[in-house]
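>>> Got a predicted structure plus its sequence, pasted below:
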Amino acid sequence: MSAVWLRASALMVLAVFSSLALGKDKQPTAIVVGGGLAGLTAAYELQGKGWQVTVLEAKPSIGGRSGLASSEWLGSAKLQPVLHAYLERFKLKALPAPDYVRTPGYLIDGRYQSAADLAKSSPSTSEALARFDQSLDDLAAAIADPLNPLASHTLKSLDALTAARWLDKLALPPIARALVDQRIRSRYDEPSRLSLLYLAQQARVYRGLPDTELRAARLPGGSQVLALALAKQLTQVKTNARVSAIVQEQGKVTVKVGAAGYSADYVVLAVPLPALAKISLTPTLTALQHKALKDINYGWRDQMLLKFKKPVWGKARLSGEIFSDKGLGMLWVEPAAKGGANLLINLSGDNARLLNAFGDRQMVDQVLIRFDEHYPGAREQFSGYELRRYGKDALIGGAYLAYGPGEISQYWRLWEQPLGRVLFAGEHSDALYPGTLEGALRSGQRAASQAVELQAGKTIAAPGQAAKSAAPSTPATKHDKQAKPGFFARLFGG
Ligand SMILES: Cc1cc2nc3c(=O)[nH]c(=O)nc-3n(C[C@H](O)[C@H](O)[C@H](O)COP(=O)(O)OP(=O)(O)OC[C@H]3O[C@@H](n4cnc5c(N)ncnc54)[C@H](O)[C@@H]3O)c2cc1C
């Protein structure tokens, strides 16, 4: 179908500017599909190297998954160096997070408790949470290099297990288990859908960095502000341009948008995997890539901003990363725009999937009813909402990559390898920081460098054989250790 389309539209190609057709020294060209942070970064970096770049974004505006109502927390510069480097370059000032949001809190039976409160009110829950942290750290410590989590047979077998099965074995008391489940589903996905190796690999990436570094700052306006700053530097950004097909032939790539075609030397495909599955590629993806598109697990997260005339929660602190035992997800208070009070709620994992069948207002009502039980009067004071349902959005299809059991073994670093003149970017294609702004930016930079290398006639080595590990250089501490003897045997029920 694509070849037929290509012939038929030969006269309609709007922007054929293949440098190869015109001579070696001509300006190289690229089309970037997807105007999220990954695509915008790839475009910005290529343009900075003298390339002519066109960004095609399906939606009316750029920014992709950039959060709702400035809801993201930024990690510290140590944790997210690429993000902070761009913020500095564009003179975007992040505000330091107040101390009280830097550590996680708990909402148990509707009552907020800090970690210190919990240690007093329920020492057994607190101890069980510490036991979980320690056990996860033991697993993380067994991974020498987070870029190579499949280094041993034993680590490979962690990929066959779900995080839920491992938690069952830890036998945490019910409230601690509910809080841990909530933490995992808020950050990744439902424990029963998550590879234990992925949980451990992510813990390894952030190992040695205190929790306070995770929520170190906030960017007024959210990451959308960074998306706009990147886009402002670009000469060609086309919105409402949904790409349906990409055809590679005779040293160029042609991209179809409606009845129009755009050609260039290279294409950076920076769309989430469920959206990629809807684009026809000629030549087609490899069999493994096709399988990955069908299989790979995406977390599920819906964001809901509830607006109230006044803060019905009184003096209760509902700000920062707060895990509830009732599956309400993270909550935090938004600075209200004009008086009143806003509350941002993330519904994650199966809690969100369950509400999938509901309409927007029905879904908000379900949360309001629960909220009103703990904070009477909430429904009366309710004045409106904003909702983002990432899983229902055909151009996204989920929250972000969250490897399911067996998936790291099959698909590790699959999307870092170009397909001819097509390069892949997006948070899902970053091995260390998937599901984050940092991962999206890093993937855009990587795709841009790969395009430059290909243009220079180089080949791209398979990721495992690529230059030395770019793993975070967390200094070894006295806590570092290899797996204790018998550790894995205990894990697998020995
Ligand atoms: C609820 C939620 C909260 C988050 N919170 C944080 C946080 O606090 N901190 C953090 O670091 N990260 C957070 N993240 C993750 C972060 O937002 C993402 O990792 C990042 O925005 C992904 O960027 P991307 O460019 O890879 O993809 P996207 O932003 O999804 O960009 C892809 C773009 O491609 C477009 N597209 C799709 N199909 C086509 C097509 N056929 N043609 C043209 N365009 C197309 C889409 O419209 C979209 O604009 C959060 C994510 C979610 C969902």
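Received, thanks. Numbers count the residues shown, from 1 in each chain.
>>> Could you show which parts of the stretch 51-200 of the chain are in contact with the ligand?
56-59, 64-67, 72-73 (Cβ under 6 Å from any ligand atom). Every C-beta, even on glycine, is put in place using the N, C-alpha and C of the backbone.
>>> wait, what's in contact with residue 435?
188, 299, 399-402, 427 (Cβ atoms under 8 Å, 6 or more residues apart in numbering).
>>> Apply 6 Å and report the result again.
Counting by Cβ atoms under 6 Å, 6 or more residues apart in numbering, residue 435 makes contact with 400, 427.
>>> now do residue 161
Here residue 161 is in contact with residue 196 (criterion: Cβ under 6 Å, 6+ apart).
>>> Same check on the one 4 residues further on?
Applying Cβ under 6 Å, 6+ apart, we find residue 165 in contact with no residue.
>>> Start the count at 38 instead of 1 going forward.
With 38 as the first residue, the last one maps to residue 202.
>>> ok so, going back, mark which of the residues of the stretch 88-237 of the chain next to the ligand are part of strands, please.
The members of these that map onto strands under DSSP state E are residue 93.
>>> Okay, buried residues for the helix or strand hosting residue 404 please.
Using DSSP states H and E, the element containing residue 404 is helix 397-411. By 16 or more other Cβ atoms under 10 Å, the buried positions in helix 397-411 come out as 400-401, 404-405, 407-409, 411.
>>> Those into TSV, with extra columns for distance to residue 451 and pLDDT?
As requested, the buried residues of helix 397-411 are exported to TSV (distance: Cβ to Cβ, whole Å; pLDDT from 0 to 100):
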residue	distance to residue 451	pLDDT
400	34	90
401	38	92
404	37	87
405	42	90
407	40	82
408	41	82
409	46	87
411	44	79
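>>> quick revisit: the residues of the stretch 88-237 of the chain next to the ligand, buried ones only, as a PyMOL selection?
This is the PyMOL syntax for the buried subset of those, where burial follows 16+ other Cβ under 10 Å:
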select buried, resi 93+94+95+96+101+102+103+104+109+110
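>>> Would you reformat the residues of the stretch 88-237 of the chain next to the ligand as TSV and include distance to residue 342 and pLDDT?
Shown next, in TSV, are those (distance: Cβ to Cβ, whole Å; pLDDT from 0 to 100):
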residue	distance to residue 342	pLDDT
93	29	98
94	24	98
95	24	98
96	19	97
101	18	94
102	15	91
103	14	81
104	10	64
109	13	71
110	16	77
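>>> Nearest to the ligand among the residues of the stretch 88-237 of the chain next to the ligand?
For these, the residue nearest the ligand by Cβ to the nearest ligand atom is residue 101; the value is 2.0 Å.
>>> Count the neighbours of the residue nearest to residue 489 when sequence neighbours are not counted for me.
Computed as Cβ to Cβ, 6 or more residues apart in numbering, the closest residue to residue 489 that is not its neighbour in sequence is residue 86, at 6.0 Å. Other residues near residue 86 come to 13 when the count uses other Cβ atoms under 10 Å.
>>> Any figure for the gap between the nearest residue to residue 315 once chain neighbours are set aside and residue 314?
Distances taken as Cβ to Cβ, 6+ apart place residue 431 nearest to residue 315, at 7.4 Å, with adjacent residues excluded. Computed with Cβ to Cβ, to the nearest Å, the distance linking residue 431 and residue 314 is 11 Å.
>>> Those two: which is more packed in?
Counted by other Cβ under 10 Å, residue 431 and residue 314 do not tie: residue 314 has more neighbours, with 16 against 10.
>>> In this structure that one contacts residue 331, no?
No. The criterion here is Cβ atoms under 6 Å, and residue 314 misses it with residue 331 at 7.7 Å.
>>> residues from the stretch 288-437 of the chain in reach of the ligand?
307-309, 312, 316, 338, 340, 427, 432-433, 436-437.
>>> Tell me how far the residue nearest the centre of the chain lies from the ligand.
Closest to where the C-alpha atoms of the chain average out (Cα atoms, centre = their mean) is residue 472, at 1.6 Å. Note on residue 472: its distance to the ligand, by Cβ to the nearest ligand atom, to the nearest Å, is 5 Å.
>>> Mind checking what secondary structure that residue has?
coil (DSSP: H, G, I helix; E, B strand; the rest coil).
>>> and the gap between it and residue 377?
In terms of Cβ to Cβ, residue 472 sits 31 Å off from residue 377.
>>> same thing with residue 404?
18 Å.
>>> can you check residue 194 too?
52 Å.
>>> my read is residue 435 is in a strand, agree?
No. Assessed with three-state DSSP, residue 435 is coil; it does not lie in a strand.
>>> quick one: the helices in the stretch 388-531 of the chain?
397-411, 415-418, 444-448, 474-492, 524-528 (DSSP state H, counting those that start in this stretch).
>>> name the helices or strands packed onto the shortest one?
To tie it back to what came earlier, the one meant is helix 415-418. With contacts taken as 3 or more Cβ pairs under 6 Å, 6 or more residues apart in numbering; DSSP states H and E, helix 415-418 sits against helix 397-411.
>>> repeat for the first one
Helices and strands touching helix 397-411, as assessed by 3+ Cβ pairs under 6 Å, 6+ apart, comprise helix 415-418.
>>> Could you rerun that using 8 Å?
strand 338-345, strand 378-385, helix 415-418, strand 419-426 (3 or more Cβ pairs under 8 Å, 6 or more residues apart in numbering; DSSP states H and E).
>>> Give me the contact list for it.
Outside helix 397-411, the residues that touch it by Cβ under 8 Å, 6+ apart are 146-148, 339, 341, 343, 363, 365, 380, 382, 384, 392, 395, 415-416, 419, 422, 424, 426.
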